[in-house]
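Novice: Provided below for reference: sequence and predicted model.
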Amino acid sequence: MGCCGFSRGMRDYFKQFHLVEVQQTFYKLPKLDTALKWRELAPSDFEFTLKASQLITHPATSPTYRRAGLNIQPGKEGHYGFFKPTDEVLQAWEETKRFAQTLEAKVIVFQCPPSFRETLEHVVNLRKFFKSAHASGFLLAWEPRGEWSEGTIKSLCSELGLTHCIDPFEKEPLQGELRYFRLHGGPRYQHRYSEEELRWLKDKLGDQETYVLFNNINMYNDALAFVTPLEAGFGG
């Protein structure tokens, strides 16, 4: 259990949690030296997961490109995102893999924009990409946020060996050898989770391996409120 991003100074974060989902890799991949430094600083039992580059999942029209200061060569805008079989997408995947390998990460998350909906083209691109990516040895988690039928999600995840990444307060996971929960905190990430909600979440974990990542504005305090009593069994 942990947060989507270092919500405190790295050294302080390591004292409280054993897991983080790296966000920088989505916006603009840092240098490999950065991954090496993080891995050296982290305790040996600390686990990194990371978000795949937005160059794989998001089109060049996404505001997250501007936020990251990415400069796309004119005329190449259509070569990015939506798992397109282009050199640009494949290069972004290779760079994402190298960063994950350096961090010794096991899980890579592919968060898709709402505009990535269920269409024949998108299904074909996604299937082709993940049939190749699955050979990388990573556990791959797919978070579809557009309009997809449950049947298609379950079928694709089963066929391609994907974990269906969800917010457990909004949806049920449909497929995966493990579960990957990202708690977004509702509209504008504003929600603060109550003790009752955290107890509900604890009960939902059961015995299946589950990653729980808080992604709301109050993520650090909510994650801490969840982890501390979880380790103590919530005191009955």
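Specialist: It's in.

Novice: may I have the secondary structure class of Val109?
Specialist: Following DSSP: H, G, I helix; E, B strand; the rest coil, we place Val109 in the strand state.

Novice: was I right to think it contacts Thr25?
Specialist: No - using Cβ atoms under 8 Å, Val109 makes no contact with Thr25, being 9.6 Å away. In short, each C-beta sits where N, CA and C put it, glycine included.

Novice: list the residues that contact both of the two?
Specialist: Common contacts of Val109 and Thr25 (Cβ atoms under 8 Å, 6 or more residues apart in numbering): Leu50, Lys51, Ala52.

Novice: now these in TSV, with neighbour count and secondary structure?
Specialist: Shown next, in TSV, are the shared contacts of Val109 and Thr25 (neighbours: other Cβ atoms under 10 Å; DSSP: H, G, I helix; E, B strand; the rest coil):
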residue	neighbour count	secondary structure
Leu50	23	strand
Lys51	24	strand
Ala52	27	coil
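
Novice: and the worst-scoring helix or strand of the chain on mean pLDDT, how far out from the chain middle?
Specialist: Least confident element among the helices and strands of the chain, by mean pLDDT, DSSP states H and E: helix 219-231 (a mean of 85). Here helix 219-231 is found 19 Å from its chain centre; the criterion is Cα atoms, centre = their mean, to the nearest Å.

Novice: residues of it that come out buried?
Specialist: Neighbour counts over helix 219-231 (16 or more other Cβ atoms under 10 Å) mark Met219, Tyr220, Asp222, Ala223, Leu224, Ala225, Phe226, Val227, Leu230 as buried.
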